[in-house]
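Student: Show me how the following folds:
(one chain, ligands or ions: 1)
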Amino acid sequence: MKVKEQFNKYAKHYPHRSVIQQRGAEIVVDSLPESLGTVIDLGCGSGRLFKLLQNRSLKFNRFYGVDFAESMLSLHPKGDNIELLIGDFNQASTFERLQKLNADTLLSASALQWAKDIEFTFNSAAKTAPFGAFFLFSSGTFKTIHKIAGVHSPIHSYTALESAFLKSYRALQIEQFHFELPFPSTLEMLRYIQESGVSGKLMLSYRALKRVLREYPFDYLEFETALFIGESYDFN
Ligand SMILES: C[S@@+](CC[C@H](N)C(=O)[O-])C[C@H]1O[C@@H](n2cnc3c(N)ncnc32)[C@H](O)[C@@H]1O
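Tutor: Predicted coordinates:
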């Protein structure tokens, strides 16, 4: 199943199964200045960042939420100062549209791990707004499951993300976070992986699945994430 179909299919489950995404969005919002000007949220989903900006009473003029899954956008809060745009952050045409908005702040939480070419996406983001704050997952997420199953993570390594970010932004804050999310069983963990939108669907053979169920040593899932905050070189 393609990434877009996956998000459309699981849109309804998504808000309830996303403890780490909630933490990630909080980490982003807690690192922001009080006044944000015009904001773009790439991969805005059901509006977690927007809701947190409001809860924390951060000031912004206008908020543009961008996502390629219409069913996620349909769950996003609506309002006079909000505009929701269908757009794919892998495509130059999306950024051409966004660059006309003269945004001040570009945010993204738990989405850019899906960027096909992360250098392109950071580079285009940096041409879109002078300030960027990003929380995203890296390939150490579900590391032990991938190792036992003998599969590669479908998302970028932390090192690749960091070096792509540093090509387009002067770093103000860079941090790696590890989380452990407890589950009652390994089967529950595998279900979570399919539905959470954190990493790709695990396409395991029957043998690999049995091996994971038999050998996984932890009662929690592992997450490896990154926070990148910086000023774009394009606006200096
Ligand atoms: C894990 S959710 C995170 C949503 C929200 N930012 C949050 O913090 O809850 C990832 C979102 O990225 C969107 N997404 C994934 N790939 C995308 C792409 N190439 N272009 C635009 N949106 C994308 C998905 O549709 C989904 O809404």
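
Student: so where does the residue of the chain found nearest the ligand fall, helix or strand?
Tutor: Nearest to the ligand in the chain, going by C-beta to the nearest ligand atom, is G45, at a distance of 2.6 Å. For every residue, glycine as well, the C-beta is placed using N, CA and C. Using DSSP states H and E, G45 falls within no helix or strand.

Student: Grab the nearest non-local neighbour of it.
Tutor: Leaving aside its sequence neighbours, G45 sits nearest to M72 (C-beta to C-beta, 6 or more residues apart in numbering; 4.6 Å).

Student: Could you confirm whether the helix or strand hosting the one you found reaches the ligand?
Tutor: Using DSSP H and E, M72 maps to helix 70-73. Yes: contact of helix 70-73 with the ligand (C-beta under 6 Å from any ligand atom) involves M72.

Student: which helices and strands does that helix pack with?
Tutor: Secondary-structure packing of helix 70-73 (3 or more C-beta pairs under 8 Å, 6 or more residues apart in numbering; DSSP states H and E): helix 3-10, strand 82-86.

Student: Could you tell me the least trusted of the ones you listed?
Tutor: Per-stretch mean pLDDT for those is lowest at helix 3-10 (a mean of 54).

Student: So which bits of the very next helix or strand once past it are buried?
Tutor: Downstream of helix 3-10, the next assigned helix or strand under DSSP H and E is helix 19-30. Under the neighbour-count criterion of 16 or more other C-beta atoms under 10 Å, helix 19-30 has 20-21, 23-29 buried.

Student: try stretch 51-59
Tutor: Using 16+ other C-beta under 10 Å as the test for burial, stretch 51-59 gives 52-53, 58.

Student: I'd like the C-alpha coordinates of that stretch written as CSV, please.
Tutor: C-alpha atoms of stretch 51-59 as CSV (Å, rounded to 0.1, in the frame of the first residue of the first chain):
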residue,chain,number,x,y,z
LYS,A,51,-4.1,22.7,18.3
LEU,A,52,-0.9,22.9,20.4
LEU,A,53,-0.1,26.4,19.1
GLN,A,54,-3.5,27.5,20.3
ASN,A,55,-3.2,25.7,23.6
ARG,A,56,0.2,27.3,24.3
SER,A,57,-1.2,30.7,23.1
LEU,A,58,1.6,31.2,20.6
LYS,A,59,0.8,34.1,18.2
